[in-house]
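Asks: Just to be clear, the model below is a prediction. Sequence and coordinates:
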Amino acid sequence: MKSTDYQVAGDHYKKLKIQPIEYIMANQLPFAEGCIVKYASRWRDKGNGIDDLWKIKQYCDFIIESELEKLDNVKP
């Protein structure tokens, strides 16, 4: 049995044509970007999906801050 054939704690990914982990790995996304894909894929099917939207926003903020630091253009 492949690891994508089952899901621990829920079934919010099983109905998707492409599971987030398959997309994330195939595209070699970094951690924060992979989390955004994961949360964007499931937020409508979770009990409190708004929390997942807040998580997406936070991961976007992580990426933005990291990119600004690389540009040496950090905003307080």
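Replies: All right, it came through fine.
Asks: Show me what counts as buried in the longest helix along the chain.
Replies: Criterion DSSP state H: the longest helix present in the chain is helix 49-70. By 16 or more other CB atoms under 10 Å, the buried positions in helix 49-70 come out as 52, 55, 56, 59. Bear in mind the C-beta positions are built from the backbone N, C-alpha and C, glycine included.
Asks: The third one against residue 40, yeah?
Replies: Yes: between residue 56 and residue 40 there is a contact at 5.9 Å, judged by CB atoms under 8 Å.
Asks: other SSEs contacting the helix or strand hosting residue 40?
Replies: Under the criterion of DSSP states H and E, residue 40 resides in helix 31-42. Contacts defined by 3 or more CB pairs under 8 Å, 6 or more residues apart in numbering; DSSP states H and E place helix 31-42 against helix 20-26, helix 49-70.
Asks: looking only at pLDDT, what's the mean for stretch 53-71?
Replies: Throughout stretch 53-71, pLDDT has a mean value of 94.
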